[in-house]
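J.: mind folding the following:
(2 chains)
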2 protein chains.
Amino acid sequence: MKFRRSGRLVDMTHYLLHHPHALIPLTFFSERYESAKSSISEDLVIIKQTFEQQGIGTLITTPGAAGGVKFIPKVTRDEANGIIQRLCEKVSDPSRLLPGGYLYLTDLLGNPKMMNQIGRLFASVFANRTIDVVMTVATKGIPIAYAVASYLDVPFVIVRRDNKVTEGPMVSINYVSGSSKRIQTMTLAKRSLKEGSNVLIVDDFMKAGGTINGMISMLSEFGANVSGIGVLVESESVDERLVNEYISILKLSDMNEKERSIQVSKGNYFDFL
Amino acid sequence: MKFRRSGRLVDMTHYLLHHPHALIPLTFFSERYESAKSSISEDLVIIKQTFEQQGIGTLITTPGAAGGVKFIPKVTRDEANGIIQRLCEKVSDPSRLLPGGYLYLTDLLGNPKMMNQIGRLFASVFANRTIDVVMTVATKGIPIAYAVASYLDVPFVIVRRDNKVTEGPMVSINYVSGSSKRIQTMTLAKRSLKEGSNVLIVDDFMKAGGTINGMISMLSEFGANVSGIGVLVESESVDERLVNEYISILKLSDMNEKERSIQVSKGNYFDFL
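T.: Presented below is the predicted three-dimensional model:
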């Protein structure tokens, strides 16, 4: 079907947004729109400019026969700052305090728009690492894993805390919950992760890091590698952190159930952006 | 910031795609781009044409002071047919057979691109119903709920099968699993659903419908209404279906563990599109 530039711009924008991190040959677009490659290249210049100016991300064009264009979702420092600032305010609401030093985050995790922003933040900061799969643990990490995976254009796998799972042969490991020091079990379907995969671990909340440590053990059981670790909220009030390098968006520095007070600040995100 | 038409088209396309089902006043765009409303209207005509032609969805423009433009994601019958056909082939792979009449779907549920397609299918068929929230049960329903909610621009809530949940006061109900006839429990955080909400229930797999029936009971406990029910796969081999009106994308009509055979066909989706 023949397209005019305006129609091409709309459709290409849609196509690129839905195929982040994928290399798309220019011939794909020139055939799709029955247009010369030179016109496609001009279109891409316009899209790239707009994406960069509006903080949507960038386009990377590689020349040559095996070349093409890749959309890399990115947030600007300013936008990240705004998103994280607004999150801080939302999460600082004392009505989020739950017994045991937990925070009620379910409403945020169930808000696709919010999750898309979190997904962009992580996809942006991890954009240059080699990531084949995103991993998380059920249940609350799932929306974050989905969002990040979607912006990185990779699949995600879900580690379960129960054994009542109908997914065929499973691998189970024991791990020690960092804060309660109890031995717990996590399982992952054997066929869900290939040996040698490069895996980004994400979760909603990290106290001592026992659960994330468990996921790291799980990866070594599968012969897979840790590409990075991202958490939405880290809790500062821990004696000993079990995990070394991680990126956090928010930091819970103090909460007092009795006084109904809660202190949330920016995590270490900007050290890595 | 002043924009030319080409830049506006790219940015508006991005903006509309990220705000489905939201009414956006034309003044929003004319201020954003420092452009006359008449130019914005012309842009929207181009976007609408391209969206419809490419099967992305449609734009609905309401005139007047309270008016604006709304992007409604839609699949065409043809595209839906193609998506469902490809899904049928994928799901018919006998290696997906699991003991107990279950299907291994985890790889599909962990594939954001696939889930986006499922999300669009459901958002399309449920587009005209009043939906405030999408609901599902942990764990495997979550990616579907996320995808649908994201295309409908509403939040989603996750019913849990365990009680070990740190989300504050919970509502628990008992329900009878349709196939195993066992009594089970599901819980939902009290603050996660408002009275009177209109709820779309989704899940990955439905046999007799016990779990979905449980969610319906949960909704009545919250004084909320069922707006619709959508399942990715329904299993035909049940004596008595506990749920009446639902929309299924695939139908598992026969599976034989001994012979490693499996028969998957289209669900009742097209009766509703």
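J.: distance between stretch A:227-236 and the chain's centre?
T.: 11 Å (CA atoms, centre = their mean, to the nearest Å).
J.: give me the number of residues near A:Asp239?
T.: Applying other CB atoms under 10 Å in any protein chain shown, we find 7 residues neighbouring A:Asp239. Where C-beta positions appear, they are placed from N, C-alpha and C, glycine not excepted.
J.: an error on my part: the question was meant for A:Glu79.
T.: For A:Glu79, using other CB under 10 Å, the count is 17.
J.: what is the mean pLDDT for the host helix or strand of it?
T.: A:Glu79 is part of helix A:77-91 when elements are defined by DSSP states H and E. Average pLDDT, helix A:77-91: 96.
J.: list the buried residues of it.
T.: Neighbour-count burial for helix A:77-91, counted by 16 or more other CB atoms under 10 Å in any protein chain shown, picks out A:Glu79, A:Ala80, A:Ile83, A:Ile84, A:Leu87, A:Cys88, A:Lys90, A:Val91.
J.: what does stretch A:76-96 contact?
T.: Residues from elsewhere that reach stretch A:76-96, judged by CB atoms under 8 Å, 6 or more residues apart in numbering or on different chains: A:55, A:75, A:103-105, A:108, A:114, A:117, A:121, A:124, A:233, A:249-250, A:252, A:260-267, A:269-270, A:273.
J.: what's the following helix or strand after the biggest helix by length in chain A?
T.: The longest helix of chain A (DSSP state H) is helix A:37-53. Next helix or strand after helix A:37-53 toward the C-terminus (DSSP H and E): strand A:57-62.
J.: tell me what that following strand is packed against?
T.: helix A:37-53, strand A:68-73 (3 or more CB pairs under 8 Å, 6 or more residues apart in numbering or on different chains; DSSP states H and E).
J.: hmm, the lowest-mean-pLDDT helix or strand in chain A touching chain B?
T.: Across the helices and strands of chain A, mean confidence by mean pLDDT, DSSP states H and E is lowest for strand A:102-103: a mean of 83. Yes: remark: strand A:102-103 sits within contact range of chain B at A:Tyr102, by CB under 8 Å from any CB of the partner chain.
J.: then stretch A:197-214?
T.: No: judged by CB under 8 Å from any CB, stretch A:197-214 makes no contact with chain B; its nearest approach is 9.3 Å.
J.: pLDDT of that stretch, averaged?
T.: Here the average pLDDT along stretch A:197-214 is 95.
J.: residues in contact with the residue in the stretch 151-273 of chain A that chain B sits nearest to?
T.: When scored by CB to the nearest CB, the stretch 151-273 of chain A has A:Thr166 as its residue closest to chain B, at 4.2 Å. Residues in contact with A:Thr166 (CB under 8 Å, 6+ apart) are B:Leu98, B:Pro99, B:Gly100, B:Tyr102.
J.: how's chain A carved up into domains?
T.: The record's domain split for chain A, according to automatic domain parsing, is A:5-73, A:77-271.
J.: what's the burial count for the residue nearest to A:Ser261 when sequence neighbours are not counted?
T.: Closest residue to A:Ser261 apart from its sequence neighbours, by CB to CB, 6 or more residues apart in numbering or on different chains: A:Pro94 at 6.2 Å. Here the number of neighbours of A:Pro94 (other CB under 10 Å) works out to 12.
J.: and the residue nearest the centre of chain A, helix, strand or coil?
T.: What sits nearest the mean C-alpha location of chain A, by CA atoms, centre = their mean, is A:Val148, with 2.7 Å. Secondary structure state of A:Val148, per DSSP: H, G, I helix; E, B strand; the rest coil, is helix.
J.: skip the chain neighbours and tell me the closest residue to A:Tyr175.
T.: Using CB to CB, 6+ apart, the closest residue to A:Tyr175 is A:Gly214 (3.2 Å).
J.: that neighbour: what secondary structure?
T.: helix.
J.: how many residues are close by it?
T.: Neighbours of A:Gly214 (other CB under 10 Å): 23.
J.: same deal with A:Ala149?
T.: Neighbour count for A:Ala149, taken as other CB under 10 Å: 29.
J.: ok, it - contacts?
T.: A:Gly119, A:Val133, A:Val134, A:Pro155, A:Phe156, B:Gly110, B:Pro112.
J.: A:Thr130 too?
T.: A:Asn198, A:Ser227.
J.: is it true that it lies in a helix?
T.: No: under three-state DSSP, A:Thr130 sits outside any helix and is assigned coil.
J.: angle of the host helix or strand of A:Met115 against helix B:112-125?
T.: Using DSSP H and E, A:Met115 maps to helix A:112-125. Counting by axes from the mean of the first three to the mean of the last three CA atoms, to 10 degrees, helix A:112-125 lies at 160 degrees to helix B:112-125.
J.: pLDDT of helix A:112-125, averaged?
T.: For helix A:112-125, the per-residue pLDDT averages 97.
J.: do stretch A:252-272 as well
T.: 91.
J.: got the end-to-end distance for it?
T.: 19 Å (CA to CA, to the nearest Å).
J.: stretch A:178-185 now?
T.: 13 Å.
J.: give me the distance from it to the chain's centre.
T.: Here the centre of stretch A:178-185 is set off from its chain's centre by 26 Å, with CA atoms, centre = their mean.
J.: how about it and chain B, any contact?
T.: No: applying CB under 8 Å from any CB, one finds stretch A:178-185 separated from chain B by no less than 10.6 Å.
J.: if we look at that stretch, which residues are touching it?
T.: A:101, A:161, A:163, A:172-177, A:207-211, A:213-214, A:238, A:240, A:242.
J.: so which of the residues you listed belong to strands?
T.: Among these, DSSP state E puts A:Ser172, A:Ile173, A:Asn174, A:Tyr175, A:Val176 in strands.
J.: list buried residues within those.
T.: For the ones in strands among the contacts of stretch A:178-185, buried by 16+ other CB under 10 Å: A:Ile173, A:Tyr175.
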